[in-house]
Every structure is written in structure tokens, then in C-alpha cells.
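J.: Would you be able to build a 3D model of this:
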Amino acid sequence: MVEPEEKDASGKQVPSRALHIVGPDKKIKLSFLYPASTGRNMDEVVRALDSLQRTSNYKIATPCNWKPGELVLILPSVSNEQAKEMFPQGFKTADLPSKNDYLRFTHVN
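T.: Next comes the predicted model:
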């Protein structure tokens, strides 16, 4: 992909910088596209890779701005009984106005 506004000293267009993370199943799991003028954030790349690895091993999701060691969310498709077996370290359920118990937090390594 070429960034139309980005040009080198000779006036030629400069390509964007792309980063793709491919899973063991040979499918793209994540794709970053940066303009040529913007450096990559390697902390974000490592954070995203950590999230992808954990979510492939456990039935969880990582929340916005998640960092390794912080709480993760147990997927709503997992029943409380399954969650007790899958996460023996326990989990906390958010007290929602609806009284639904699908928003559950736990730690994973």
C-alpha cells in the first residue's frame, strides 16, 4: 500500500509500513498499517501478541488497554459451572443493574 501524500526526496511515493501476525492455522490474526512517517509502537505489538496468545489458550477476551498481569474477561459463552472448572483460581462477577452475571473477570498466566 502506498501513502499518496508521503514522498521521498525524488518525489516517489513511499510505501506504508505493515505488520501482520499469522497464527499457527496460517490465518492473519492481527494487522497493523502505519503511514511511512509514523514509527511502530513495539510495546503495542508485544501487548497484542500476548493478548492473542492468551485468548487462543483460554476462553477469554482482553479489555481495552489491557496489559499482561491484569484482569481478563471470561467469554459470555462460558457458563459459571464451566468457568469454575476452567479458572480454579476463581473469578469475580460484576454487579450489573440487570443482575445478569455474564461480566466475569479473572487472571490467567
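
J.: those strands in this protein, which residues are they?
T.: In the chain, the strands defined using DSSP state E lie at 2-7, 13-15, 17-22, 28-34, 60-61, 72-74, 92-93, 104-106.

J.: so what strands line up beside the fourth one?
T.: Each strand that pairs with strand 28-34, with its direction, by DSSP bridges: strand 17-22 (antiparallel).

J.: just the CA coordinates of the strand it pairs with, formatted as CSV?
T.: Backbone C-alpha positions of strand 17-22 (Å, rounded to 0.1, in the frame of the first residue of the first chain) are rendered in CSV as follows:
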residue,chain,number,x,y,z
ARG,A,17,4.6,0.0,6.9
ALA,A,18,2.6,-3.1,7.6
LEU,A,19,2.9,-5.7,10.3
HIS,A,20,0.9,-8.9,10.3
ILE,A,21,0.7,-11.6,12.9
VAL,A,22,-0.1,-15.0,11.5
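
J.: Could I get the average pLDDT for that strand?
T.: Averaging pLDDT along strand 17-22 gives 92.

J.: tell me which residues of it are tucked away?
T.: residue 17 (16 or more other Cβ atoms under 10 Å). Just so you know, the C-beta spots here come from the backbone N, C-alpha and C atoms, and that holds for glycine as well.

J.: quick one: contacts of that strand?
T.: 1, 28-36, 38, 40, 45, 48-49, 52 (Cβ atoms under 8 Å, 6 or more residues apart in numbering).

J.: tell me the contacts of residue 104?
T.: For residue 104, the contact set (Cβ under 8 Å, 6+ apart) comprises 73-74, 80, 83, 91-94.

J.: how near is it to residue 12?
T.: For residue 104, the distance to residue 12 equals 53 Å [Cβ to Cβ, to the nearest Å].
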